[in-house]
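A.B. asks: Next input, structure requested:
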Amino acid sequence: ASGTSGRDTVPNEVINIPVEVHILYKTAAYNITDDQVQSQIDALNRDYRMLNTDAANVPAVFKSRAADCRINFCLAKVAPGGYSTSGIVRKYTNRDFFYANDDMKFSSKGGTNAWDTKKYLNIWVCNLGSRALGYATPPGTDAAIDGLVISPAAFGTRGIVSSPFNKGRTATHEVAHWLGLKHIWGDANCGS
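C.D. replies: Here you go, the predicted structure:
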């Protein structure tokens, strides 16, 4: 990608984005499995590479815009210090839930600190104390809070997810915001 790397993409290049998943749990149920985490990574790759089985259902008005974005997500293999990692950080927290105020992004507030946001996409998976399934920061956000936050009940396609939030689409939606896309109806706060 152009910008921080100082270069543009080459034709047909696939951009690989290492993901660090921060799992914050108070109960065993919210300490989601590696399998649930991998199911979310797989869902992101299907959606962003247009390999999802429901791609044929794209509304006609958007069909000409649907495309393989050539973005691939993978769990981080190398941590900031150069050591191996599974791409998953698990941390017990004494918090029953987090509000959408970014506390989960700081160890000092019961969460975990972001990894270098120039090298990783940080995703915090934690119990949210609102109706929101997740939220994301837009490009240019302070590195200390850059990334996505998602409820464990809407993260992935297997595990503790339940219909209709068992397709991994909450993360697909939030990653789009993280990449700079806005809602098609606009992002103005209409009191909802």
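
A.B. asks: Going along the chain, name the helices of the protein.
C.D. replies: Counting by DSSP state H, the chain has helices at residues 34-48, 169-178.

A.B. asks: Kindly reformat these as TSV and extend each row with mean pLDDT, mean neighbour count and distance to Pro59.
C.D. replies: Every C-beta, even on glycine, is put in place using the N, C-alpha and C of the backbone. Listed next are the helices of the chain as TSV, based on pLDDT from 0 to 100; neighbours: other Cβ atoms under 10 Å; distance: least, Cβ to Cβ, whole Å:
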stretch	mean pLDDT	mean neighbour count	distance to Pro59
helix 34-48	98	20	16
helix 169-178	97	20	15
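
A.B. asks: how about low-confidence regions in the chain?
C.D. replies: Scanning the chain for pLDDT under 70 picks out 1-6, 187-192.

A.B. asks: now the strands for it?
C.D. replies: Using DSSP state E, the strands of the chain run over residues 15-25, 71-75, 88-92, 121-125, 134-136, 148-150.

A.B. asks: that older thread, with distance to Arg7 as extra columns, can I get the helices of the chain in JSON lines?
C.D. replies: Formatted as JSON lines, the helices of the chain follow (distance: least, Cβ to Cβ, whole Å):
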{"stretch": "helix 34-48", "distance to Arg7": "21"}
{"stretch": "helix 169-178", "distance to Arg7": "21"}
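
A.B. asks: rewinding a little: compile the strands of the chain into TSV and extend it with columns for mean neighbour count.
C.D. replies: Shown next, in TSV, are those (neighbours: other Cβ atoms under 10 Å):
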stretch	mean neighbour count
strand 15-25	20
strand 71-75	17
strand 88-92	16
strand 121-125	26
strand 134-136	20
strand 148-150	25
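
A.B. asks: want to throw those strands into CSV with distance to Gly186?
C.D. replies: Output for the strands of the chain, formatted as CSV (distance: least, Cβ to Cβ, whole Å):
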stretch, distance to Gly186
strand 15-25, 27
strand 71-75, 24
strand 88-92, 35
strand 121-125, 25
strand 134-136, 16
strand 148-150, 21
